[in-house]
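**Q** Predicted structure and sequence below. I'll ask about it afterward.
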Amino acid sequence: MLSSPITGGALLLVAVIAAVVWVNAFSSSGYADVWGRELTIGVGDLSLREDLRHWINDGLMAIFFLVLGLEVKHEFVAGSLRNPRAAAVPIAAALGGAVVPALVYVAFTWGGDGGAGWGIPMATDVAFAIGVLALLGSRIVPAIKTFLLTLAVVDDILAVLVIAVFYTDAIAFGWLAAAVVGLLLIVGLQRARVGAIPVYVVVGLLVWLCMHESGVHATIAGVALGLLTPARAFNGRDVLHALKDRIEPVTALVIVPLFALANAGVVLTGGVIGDAASSGVALGVLVGLLVGKPVGIAGVALLVDRLGIGHLDPAVRPVHVIGIGALAGIGFTVSLFISDLAFDTPELAQLAKIGVFAGSLASGIIGAALLLRGTRPRA
């Protein structure tokens, strides 16, 4: 199927390679010129002017975050997060997998200029991680995928909170209040059983605009709209799944690869790799993803299981948990996203992205190897 995890992951990888080749083999200035080109949408005072990279990061990525919101809503209402006790292990593991990488990063950057990037290694790229699982095929038992998906949903929630709370500039409370009014209007429309999709699209766009102008990152509007989508039948229709089925292929096959193409153009020549090897920012991200993620996830998950607070599925062995923790170190999309939010200087963002590349690649290889090792029969 075209929108399978393997296809989406492959397109994302192609976009990353294309961006890196574009910058390093052709023209870094040309790359910057293309994505820095400004585009105005609207007329007169009712217009927004941003460069292409910001239209992708603030506009199109709001649709990506809308899908995340839909996934979170489904999991809490009818999925793996519906039963708190059953979800206790992956929830606790996700918390460990967020806190430990952040602490690792802080340890590498303490007293330096890169302290603001602590949120970068907290993220997990669920598309890439699930794509790796899909490549491993039927040798991976369903319980492992369920664990990773639940972990990723909680990870998404944490990433959204981090972006909203810690990577937001000065807030214009009037615009924020207008965004809240728009969200309340959507709730009112739902209670009035209004089913006209264009009405929700218009209100949703207004909510995005108000969020953008408020100073809170505009992608948060996408999450909020996803969470407000009915998870049960609405006017006889399964709105959540119908919306997700229509939008998810667009995000996986178009938006996320386009985001990678616009943001993954990292210069790797002229001594940059050497600079990264001695940079607390790059090393903090690399070690945070490669070591902090599996240590935080596996350590907390196995502890919660041992204490009886929650229970792992019998099919999920300790080596699987460590492998899942390593796969969660593929931080790619959201990590790149936070890299640009965290730093005002392009040099620090570039170093962070090199750490993301190296950490994600190594994490994917190690995670796949551990999960394959876990498929061997017990001695």
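**A** Good, I have the coordinates. Given the structure is predicted, the values throughout are model-derived calculations rather than measurements. Numbering: from 1, shown residues only.
**Q** any chance you could map the helices in the stretch 151-300 of the chain?
**A** Residue ranges of the helices in the stretch 151-300 of the chain, as given by DSSP state H, counting those that start in this stretch, are 173-191, 197-214, 219-228, 239-250, 256-263, 272-277, 280-287, 293-307.
**Q** ok and the longest one relative to helix 197-214, angle-wise?
**A** Think helix 173-191. For helix 173-191 against helix 197-214, the angle by axes from the mean of the first three to the mean of the last three CA atoms, to 10 degrees is 160 degrees.
**Q** what's the angle from helix 173-191 to helix 239-250?
**A** Taking the same axes, to 10 degrees, one finds that helix 173-191 is oriented at 120 degrees with respect to helix 239-250.
**Q** Of all the residues in helix 173-191, which ones are buried?
**A** Neighbour-count burial for helix 173-191, counted by 16 or more other CB atoms under 10 Å, picks out 175-176, 178-179, 182-183, 186, 189-190. For the C-beta atoms, the positions are set from N, CA and C on the backbone; glycine is no exception.
**Q** Over to Arg85. Which of the three states is it?
**A** Here Arg85 is coil, with the state taken from DSSP: H, G, I helix; E, B strand; the rest coil.
**Q** Could I get the contacting residues of it?
**A** Neighbour list for Arg85: Gly310 [criterion: CB atoms under 8 Å, 6 or more residues apart in numbering].
**Q** And it, how far from Pro101?
**A** Look at Arg85 and Pro101: by CB to CB, to the nearest Å, they are 26 Å apart.
**Q** List the contacts of stretch 273-284.
**A** With CB under 8 Å, 6+ apart as the contact definition, stretch 273-284 has outside contacts at 104-110, 112, 114, 117, 121, 348, 351-352, 354-355, 358.
**Q** ok, Leu206 touching Val180?
**A** No: the criterion here is CB atoms under 8 Å, and Leu206 misses it with Val180 at 11.9 Å.
**Q** Run the angle between the least confident helix or strand in the chain by mean pLDDT and helix 256-263 for me.
**A** Taking all helices and strands of the chain together, the one with the lowest average confidence (mean pLDDT, DSSP states H and E) is helix 126-136, at a mean of 80. Calculated by the same axes, to 10 degrees, helix 126-136 forms an angle of 120 degrees with helix 256-263.
**Q** For helix 126-136, which helices and strands make contact with it?
**A** Contacts defined by 3 or more CB pairs under 8 Å, 6 or more residues apart in numbering; DSSP states H and E place helix 126-136 against helix 5-21, helix 142-166, helix 318-327, helix 332-342, helix 346-374.
**Q** Also compute the angle for it relative to helix 332-342, please.
**A** Interaxial angle, helix 126-136 versus helix 332-342 (the same axes, to 10 degrees): 160 degrees.
**Q** Helix, strand or coil: sort out Leu39 for me.
**A** strand.
**Q** and it, how many neighbours?
**A** Applying other CB atoms under 10 Å, we find 11 residues neighbouring Leu39.
**Q** How about the contacts made by it?
**A** Contacts of Leu39 were listed using CB under 8 Å, 6+ apart, and they are 49-52, 55.
**Q** Now list the buried members of those.
**A** Using 16+ other CB under 10 Å as the burial test, those include 50-51, 55 as buried.
**Q** Just the ones of those in strands?
**A** When DSSP state E defines the strands, the subset of those inside them is 50-51.
**Q** Give me the nearest residue to the residue sitting nearest the centre point of the chain, chain neighbours excluded.
**A** Ranked by distance to the mean C-alpha position of the chain (CA atoms, centre = their mean), the top residue is Val334 at 3.7 Å. Ranked by CB to CB, 6 or more residues apart in numbering and with sequence neighbours excluded, the top spatial neighbour of Val334 is Ala123, at 3.6 Å.
**Q** Need phi/psi at that neighbour.
**A** Dihedral angles of Ala123 (phi, psi; degrees, to the nearest 10) stand at phi -90, psi 150.
**Q** What is the burial count for it?
**A** 32.
**Q** What of Ile144?
**A** A count of neighbours around Ile144, defined by other CB under 10 Å, yields 24.
**Q** Can you give me the pLDDT of the residue nearest to it when sequence neighbours are not counted?
**A** If you skip the residues right next to it in sequence, Ile144 has His320 as its closest partner in space, 5.4 Å away by CB to CB, 6+ apart. At His320, the pLDDT value in this model is 92.
**Q** ok, back up a step: sort out which one of the buried ones among the contacts of Leu39 lies nearest Gly8 for me.
**A** Trp55 (21.5 Å; CB to CB).
**Q** could you measure that closest one against Gly36, distance?
**A** In this view, Trp55 and Gly36 are 11 Å apart by CB to CB.
**Q** now Val104
**A** Computed with CB to CB, the distance linking Val104 and Gly36 is 33 Å.
**Q** More neighbours: which of the two?
**A** When Val104 and Gly36 are compared on other CB under 10 Å, the one with more neighbours turns out to be Val104, at 25 against 12.
**Q** And the helix or strand containing that one, how far out from the chain middle?
**A** Take DSSP states H and E as the rule and Val104 turns out to sit in helix 88-109. Using CA atoms, centre = their mean, to the nearest Å, the mean C-alpha position of helix 88-109 is found 15 Å from that of the whole chain.
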